[in-house]
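K.L.:
How does the following fold in three dimensions:
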Amino acid sequence: MSVRHCLLLPLVVPLIIVAQDFGKKSPGFEKHDGFYLSLNPGHTWGKIRRYHPDYYINTDMKYSGFGFTFDAKIGYAIVENVILSFDWITRNLLWADVEIEDEQRTHPDSYGIDAGDNTYGIGFTYYFMPHNFFANISIGIGSFSIVDQVLGDAKSDNGLSIHLKIGKEFWVYPNWAWGISGGFGILSASEKEIPDVPFFRGTIMTKKFFLMINTTYN
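P.N.:
From the prediction side, this is the model:
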């Protein structure tokens, strides 16, 4: 065996082992059972509305911009193809624009607005096998956080949050799958009262659509 062949062994042998393992259908191979982990980044569309019905100025503000979302689920298959999970869903609008009373205003480049929401809840996922389509619902509590150097920062109390998602995954390795998903989410919560501005308290809400790339271990 030449020296060149010896140098190739550390590269070739692991590939052979992986190929052999991939061909073996061990227990749980391409089945949704046991421990479950799903990590899903993506893009979201939908404004965050900050509404003050009892205040005389700036009563209706809508934040919009490029939206990044991330969805993490960790759980267990209570029966085959049925997943119960703890879900964390976050969304952030980077360098958001604000629409005030239907008049679009874009903030100068010297500063920006960040607006986002977080949800913690319980999720149920059902896989339609053998095609590996799935449907998911997450129900939990969510809250908003808005950083606005002109109109004022805002945070919310916890409110009801519901997310619905459907998708399709493809097995790429034993117990690992990649795929794509899309869905809809809604969240509404009362704004925390601002100490320096009495009675300036309203509702923050959002309706959003999202598209995600799924990476799942199960």
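K.L.:
the helices in this structure, which residues?
P.N.:
3-23 (DSSP state H).
K.L.:
now this structure, which segments are flagged as low pLDDT?
P.N.:
Applying pLDDT under 70 to the predicted model, the residue ranges of the chain that meet it are 1-29, 53-59, 101-112, 150-151, 193-201.
K.L.:
ranges for the strands of it?
P.N.:
35-45, 48-51, 60-79, 82-100, 103-105, 113-128, 133-148, 154-155, 159-173, 176-190, 203-217 (DSSP state E).
K.L.:
so which of the ones you listed is the most packed in?
P.N.:
Comparing the strands of the chain by mean neighbour count (mean count of other Cβ atoms under 10 Å), strand 48-51 comes out on top with a mean of 22. For every residue, glycine as well, the C-beta is placed using N, CA and C.
K.L.:
Direction included, what does that one pair against?
P.N.:
When sheet partners are counted by DSSP bridges, strand 48-51 sits next to strand 60-79 (antiparallel), strand 203-217 (antiparallel).
K.L.:
For the residue nearest to Gly142 when sequence neighbours are not counted, give its distance to Asn40.
P.N.:
Leaving out its chain neighbours, the residue that sits closest to Gly142 by Cβ to Cβ, 6 or more residues apart in numbering is Ser161, at 3.3 Å. As defined by Cβ to Cβ, to the nearest Å, Ser161 lies at a distance of 16 Å from Asn40.
K.L.:
Ok, Val82 next?
P.N.:
Between Val82 and Asn40 the computed distance is 19 Å (Cβ to Cβ).
K.L.:
Not counting sequence-adjacent ones, nearest residue to Asn81?
P.N.:
Counting by Cβ to Cβ, 6+ apart, the nearest residue to Asn81 once its immediate chain neighbours are dropped is Tyr127, at 4.4 Å.
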